[in-house]
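> Provide a 3D model corresponding to the input given below.
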Amino acid sequence: GVKDEARDVRIAGPMKLERRLVEAVRKQMTADAMEKCQETRDAYVKCSTGRTISVAFYCRSLFKEFNECLKLHTTDEEFARRKADAGLSSSV
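Okay, the predicted model is just below:
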């Protein structure tokens, strides 16, 4: 169960460091994607500023554009490439 997995992670030790490194790679990939998608992000933020519930209706297309841009730059292949560049195994 979940408790057993959590205990195994605590006991494993070095694996914990590798998982942190993998998370660092993921966070950097996400940050890079946000930077590459700055234009669509800014358009969505501008549209949503001052809106509450109506954001879902008025800004839907801008949100989809932003989300598609993020998906383009955060693929599984890109993540695998970045992990390999960082010298991390593909099994983590």
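> pLDDT of the one helix or strand R19 maps to, averaged?
Per DSSP states H and E, R19 falls inside helix 14-36. What helix 14-36 shows for mean pLDDT is 89.
> how far is that helix from where the chain is centred?
8 Å (Cα atoms, centre = their mean, to the nearest Å).
> So which bits of that helix are buried?
22, 25, 29, 33 (16 or more other Cβ atoms under 10 Å). Glycine gets a C-beta too; all of them are placed from N, C-alpha and C.
> Please tell me I have it right and the second one contacts A84.
No. No contact is recorded between V25 and A84 when judged using Cβ atoms under 8 Å, the distance being 9.9 Å.
> Would you mind listing the buried residues in the very next helix or strand once past the helix holding R19?
On the C-terminal side of helix 14-36, the closest following helix or strand by DSSP H and E is helix 38-48. Going by neighbour count (16+ other Cβ under 10 Å), the buried part of helix 38-48 is 40-41, 43-44, 47-48.
> try stretch 71-90
Those would be 74, 79, 82-83, 88, for stretch 71-90 by 16+ other Cβ under 10 Å.
> who are the neighbours in contact with L21?
86, 88 (Cβ atoms under 8 Å, 6 or more residues apart in numbering).
> List the contacts of R82.
25, 28-29.
> Closest one of these to C59?
M29 (25.2 Å; Cβ to Cβ).
> Relative to D76, how far out is that closest one?
Separation of M29 from D76 (Cβ to Cβ, to the nearest Å): 11 Å.
> one step back: turn the buried residues of helix 38-48 into TSV, including distance to E18.
Shown next, in TSV, are the buried residues of helix 38-48 (distance: Cβ to Cβ, whole Å):
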residue	distance to E18
T40	33
R41	31
A43	38
Y44	35
C47	41
S48	38
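> Identify, from the residues you listed, the entry nearest to C69.
Among the buried residues of helix 38-48, and counting by Cβ to Cβ, the member closest to C69 is T40, at 5.0 Å.
> wait, isn't that closest one in contact with K71?
No. The pair T40 and K71 does not pass the contact test of Cβ under 8 Å, sitting 11.6 Å apart.
> which one of the contacts of R82 sits closest to Y58?
M29 (30.1 Å).
> Leaving aside the residues adjacent along the chain, what's closest to the spatially most central residue of the chain?
Central residue of the chain (Cα atoms, centre = their mean): T30, 4.2 Å from the mean position. Nearest residue to T30, sequence neighbours excluded (Cβ to Cβ, 6 or more residues apart in numbering): T74, at 6.3 Å.
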